[in-house]
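In: can't give you the sequence, but here's the structure:
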Ligand code: NDP
C-alpha cells in the first residue's frame, strides 16, 4: 500500500479562507478580530512562528499586534503586558510564544491570560473544559490534527490510536480529542516499554516527540493513518518529522508530510480560535 498524503497546506488554506465572511462581518460591525502575539527573546524558531502567525492575521484583515520584547524582560513586565492586553477591548486573542527565557515562570504567565482570550488553549481552565467536553479553546496543533483526520473520511469510532509524546500543548490534549472521537487511546512517552509493539497495534498514530525519524516505517500497522507533528532539523539543515516518512508511507493508508502537514494547520486553528473569541466577546 502507498499512503495518500494529507496536504496540510491545502486544508489550512481552505479553513482560513472560510473565515473571511465572519471576519468581514465583525469588521463591518466596527470591531475586527484582534490578535496579540508576544515574543520574548531571540529564539530564531520562535521568531519565525510569530512572524507567520502575525502575517496570516494580517492577510485575513484582522487587527494584530506583534510585540517583541528583549530576553532581559522581567516576569513582572511580561505579566503587566498581559494584564494590559487582557483589558484591551480591541484584542480578542493573546498568544505568548513559548519557550520563554529562563527566569520567567511560563505557567505563571500563561495562567495570567484571560481564559476568554486564551486562543492557544493553554490555560488550565480551557484544559479542564476540554477534558469535560465543554466548549473550550482547544490547543491549535492537536485541533489541526483532528481537522486533518476528518479529511480522511475514515470513521474513527472504536479505532485504536496511539499518541507518542505527552506535552501539555500537543500530546495530552490530543488524547482528549481522540477520546471525543471515540477512539481507544494509548498515550506513549519516553518510559513506554516496547514502543514498536504499541505503535504496531494502532490504527491511528500521532507522533509528537521531537526526535528525527524515531518512529520507524516497519512499526506501522498496514493501513494505519499516520500523523507526524514533529519538526526537527536534519543534518543537511532541512526539516524532517518524527516518522521515517518513505517506509511509513509504504504501509500507511494516509500520512502527513513534514513540512506541509500539521505545521500550517496550527496557524489555521489559531486564526479559527481568534475569530471565535471575537464572535464570543462580551
Ligand atoms: P516536548 O519536548 O514537550 O515533549 C516530547 C514528548 O516526547 C515527551 O512527552 C517525551 O516523553 C516524549 N519522548 C521523547 N523521547 C521519546 C522516545 N524516545 N520515545 C517515546 N517518547 C519520547 O515536545 P512538544 O510536544 O512541544 O513537541 C513535540 C514535537 O512536535 C516537536 O518536534 C515540536 O517541534 C513539534 N511541534 C510541532 C508543532 C507544529 O505546529 N507542527 C507545534 C508544536 C510542536 P517524556 O514526557 O517521558 O519526557
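Out: Yes, it's here. Nothing here was measured: the structure is a model prediction, and the numbers come from that model. Numbering: from 1, shown residues only.
In: Please count neighbours and contacts with C-alpha atoms only from this point.
Out: Will do.
In: Show the contacting residues for the closest residue to the ligand within the chain.
Out: Nearest to the ligand in the chain, going by C-alpha to the nearest ligand atom, is residue 210, at a distance of 3.1 Å. By C-alpha atoms under 8 Å, 6 or more residues apart in numbering, the contact set of residue 210 is 230, 231, 232, 241, 242.
In: mind checking pLDDT for the second one?
Out: Predicted confidence (pLDDT) at residue 231: the value is 96.
In: Tell me which residues touch the closest residue to it other than its chain neighbours, please.
Out: Residue nearest to residue 231 in three dimensions, not counting chain neighbours: residue 241, with 5.2 Å by C-alpha to C-alpha, 6 or more residues apart in numbering. Listed by C-alpha under 8 Å, 6+ apart, the contact partners of residue 241 are 210, 211, 212, 213, 228, 229, 230, 231, 232, 257, 258, 259.
In: check contacts around the closest residue in space to the third one that isn't next to it in sequence.
Out: So that's residue 212. Nearest non-adjacent residue to residue 212, counting by C-alpha to C-alpha, 6+ apart: residue 242, 4.7 Å away. Residue 242 makes contacts with 207-215, 228-232, as judged by C-alpha under 8 Å, 6+ apart.
In: Ok, residue 168 next?
Out: Residue 168 is in contact with residue 122, counting by C-alpha under 8 Å, 6+ apart.
In: Please apply the same query to the one 10 residues further on.
Out: For residue 178, the contact set (C-alpha under 8 Å, 6+ apart) comprises 146, 161, 184, 185.
In: Show me what the second one is bridged to.
Out: If I follow you right, that is residue 161. Residue 161 has the following beta-bridge partners by DSSP bridges: residue 185, residue 204.
In: what about it, how many neighbours?
Out: Residue 161: 27 surrounding residues under other C-alpha atoms under 10 Å.
In: Pull the contacting residues for it.
Out: 178, 183, 184, 185, 186, 202, 203, 204, 205, 206.
In: pLDDT score for it?
Out: 99.
In: Among the contacts of residue 241, which lie within strands?
Out: Residues from these lying in strands, with DSSP state E as the criterion: 228, 232.
In: For the stretch 101-250 of the chain, just list every one of the strands.
Out: Applying DSSP state E, counting those that start in this stretch to the stretch 101-250 of the chain gives strands spanning 160-164, 184-188, 204-207, 225-228, 232-233, 239-240.
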